[in-house]
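Peer 1: the amino acid sequence is not available; the structure is as follows:
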């Protein structure tokens, strides 16, 4: 949290109704104090859901504030209230382990600090109670073991994608659609020359694309592998037509579910 130089009051309204003008006057009385300062709370490390929770609490408690990206701006006269709300949100996002529940530990010795921080953020966003013990290992309730394993698997898969091409939005949707069309044509006719060329081209590219937004890294990795396998089969001289037809059919079915 840092002090911010004086700037235009973000709560001042123009063209307001009498009721809005009264509210603005009350806010102005609170924040237009030349002897005091604005405070900036840097919340870029918080998950978006966590910042949204804080924003809702600030509005509900009628705390004058403003946002500049992920930075919360509040007058020092409401600092105590803001601090209390932040503590409330952090407590809700980091539930404590129940001492009476069975627990399991995951070794984190080979994990980087950055990867551990990402894991803690993901678990906090999912409201999974956890802690890192004195050995640095992750401890969770046994009942959450499967969910934690999925999060870990996803994080490790994403970490392995460093250097891969990143696509999103219309670009990734277009590439998936073109791959689906090529695979769907091959399931009907493995000797369709245009479909063969398209499947190899788009399959090779998809095999080098990092997990896009909205996909789990593990499911995307499986899809990448299927695309690469089809390209390999089409470029090999000894692949049976039935094998190509079967693989193209299963790939087109998988793609149909994501486009």
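Peer 2: Received the coordinates, thanks. Keep in mind that this is a model prediction, so the values were computed, not measured.

Peer 1: so residue 150: helix, strand or coil?
Peer 2: What DSSP: H, G, I helix; E, B strand; the rest coil gives for residue 150 is helix.

Peer 1: what does the pLDDT read for residue 32?
Peer 2: Note on residue 32: pLDDT of 48.

Peer 1: same check, this time on the one 3 residues further on
Peer 2: Taken from the predicted model, the pLDDT recorded for residue 35 is 55.

Peer 1: what does the one 10 residues further on give?
Peer 2: According to the model's per-residue confidence, residue 45 sits at a pLDDT of 75.

Peer 1: now swap in residue 178 and tell me
Peer 2: Model confidence at residue 178 (pLDDT) stands at 97.

Peer 1: looks like it contacts residue 198 (just checking).
Peer 2: Yes - at 6.4 Å, residue 178 counts as touching residue 198 under the criterion of C-beta atoms under 8 Å. The C-beta positions use only the backbone N, C-alpha and C, and glycine is treated the same way.

Peer 1: show me the contacts for the nearest residue to residue 138 once chain neighbours are set aside.
Peer 2: In space, residue 138 comes closest to residue 106 once its chain neighbours are excluded; the distance is 4.3 Å by C-beta to C-beta, 6 or more residues apart in numbering. Neighbour list for residue 106: 137-140, 148, 152 [criterion: C-beta atoms under 8 Å, 6 or more residues apart in numbering].

Peer 1: check those residues and tell me the two furthest apart.
Peer 2: For these, the maximum inter-member distance is 13.6 Å, found between 139 and 152 (C-beta to C-beta).

Peer 1: more neighbours, the two?
Peer 2: residue 152 (18 against 15; other C-beta atoms under 10 Å).

Peer 1: and the residue sitting nearest the centre point of the chain, which of the three is it?
Peer 2: Geometric centre of the chain, nearest residue: residue 213, 7.4 Å, by C-alpha atoms, centre = their mean. State at residue 213, reduced to three classes by three-state DSSP: coil.

Peer 1: per-residue pLDDT, it?
Peer 2: pLDDT at residue 213 comes out at 83.

Peer 1: quick one: contacts of stretch 208-220?
Peer 2: 150, 153-155, 157-158, 161, 164-168, 172, 175, 221, 224, 258.

Peer 1: list the buried residues in that stretch.
Peer 2: 209-212, 217, 220 (16 or more other C-beta atoms under 10 Å).

Peer 1: equivalent analysis for stretch 160-174, please.
Peer 2: 161, 167, 172.

Peer 1: same question, stretch 125-133
Peer 2: 126, 128-130.

Peer 1: residue ranges with poor pLDDT in the stretch 1-150 of the chain?
Peer 2: 1-36, 47, 49, 91-95 (pLDDT under 70).

Peer 1: how does the chain divide up, domain by domain?
Peer 2: 2-93, 103-159, 169-256 (automatic domain parsing).

Peer 1: any idea which of the ones you listed is most buried?
Peer 2: domain 169-256 (a mean of 17; mean count of other C-beta atoms under 10 Å).

Peer 1: what's the span of that domain, first residue to last?
Peer 2: 17 Å (C-alpha to C-alpha, to the nearest Å).

Peer 1: return the distance of it from the chain's centre.
Peer 2: 26 Å (C-alpha atoms, centre = their mean, to the nearest Å).

Peer 1: all helices of the stretch 101-250 of the chain, in order?
Peer 2: 113-125, 145-159, 169-188, 193-206, 217-235, 241-256 (DSSP state H, counting those that start in this stretch).

Peer 1: just put the ones you listed in TSV and tack on distance to residue 38.
Peer 2: Below are the helices of the stretch 101-250 of the chain laid out as TSV (distance: least, C-beta to C-beta, whole Å):
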stretch	distance to residue 38
helix 113-125	27
helix 145-159	37
helix 169-188	36
helix 193-206	48
helix 217-235	40
helix 241-256	51
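
Peer 1: identify whichever of the ones you listed lies nearest to residue 57.
Peer 2: helix 113-125 (16.8 Å).

Peer 1: for the closest residue to residue 148 other than its chain neighbours, which residues are in contact?
Peer 2: Nearest non-adjacent residue to residue 148, counting by C-beta to C-beta, 6+ apart: residue 140, 5.2 Å away. When contacts are counted by C-beta under 8 Å, 6+ apart, residue 140 touches 97, 103-104, 106, 123, 128-130, 148.
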